[in-house]
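Asks: no sequence on this one, just coordinates:
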């Protein structure tokens, strides 16, 4: 996965297309990411005990990484990522502008 926690991304497909946000959590086993404020669903929880009330909870659900692109630090537009190695150090580079990401 070339995208990691803390990256700013733009959603390119789905119901939240065009929205941008910061990655809160990366799930590499399923190739998904959780982005703050994106793909929010409402879950209804039933009252289970006399003390706990039933309520409606808003929960952020994961988005597949094929539906997001990294936000270019220079232009603010979506871009692909290229990996460059210099002196054995792995560096992520934006394809559109050539600027380093970190």
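Replies: Received the coordinates, thanks. This one's a predicted model, so the numbers in the text were calculated from it and none came from an experiment.

Asks: Which pLDDT value goes with residue 101?
Replies: Each residue has a pLDDT score; the one for residue 101 is 88.

Asks: dump the residue contacts of it.
Replies: With contact taken as CB atoms under 8 Å, 6 or more residues apart in numbering, residue 101 is in contact with 7, 70, 73, 81, 92, 93, 94. For every residue, glycine as well, the C-beta is placed using N, CA and C.

Asks: who does the nearest residue to the first one once chain neighbours are set aside bridge with?
Replies: The reference is to residue 7. Once its chain neighbours are removed from consideration, residue 7 has its nearest residue in residue 23; the separation is 5.1 Å (CB to CB, 6 or more residues apart in numbering). Applying DSSP bridges to residue 23 gives these bridge partners: residue 35.

Asks: Span of stretch 48-61 from start to end?
Replies: Using CA to CA, to the nearest Å, the gap from the first to the last residue of stretch 48-61 comes to 23 Å.

Asks: ok so, going back, ok, the residue nearest to residue 7 to residue 51 distance?
Replies: Per CB to CB, to the nearest Å, residue 23 is found 36 Å from residue 51.

Asks: residues near residue 77, how many?
Replies: Close neighbours of residue 77, defined as other CB atoms under 10 Å, add up to 12.

Asks: and what of residue 58?
Replies: Applying the criterion other CB under 10 Å, we find 8 residues in the vicinity of residue 58.

Asks: these two touch, right, it and residue 41?
Replies: Yes: checked against CB atoms under 8 Å, the pair residue 58 and residue 41 is within contact range at 7.4 Å.

Asks: can you tell me the helix or strand for whatever residue is furthest in space from the centre of the chain?
Replies: If you look at how far each residue of the chain sits from its centre, by CA atoms, centre = their mean, the farthest one is residue 50, at 38.0 Å. Per DSSP states H and E, residue 50 falls between elements, in no helix or strand.
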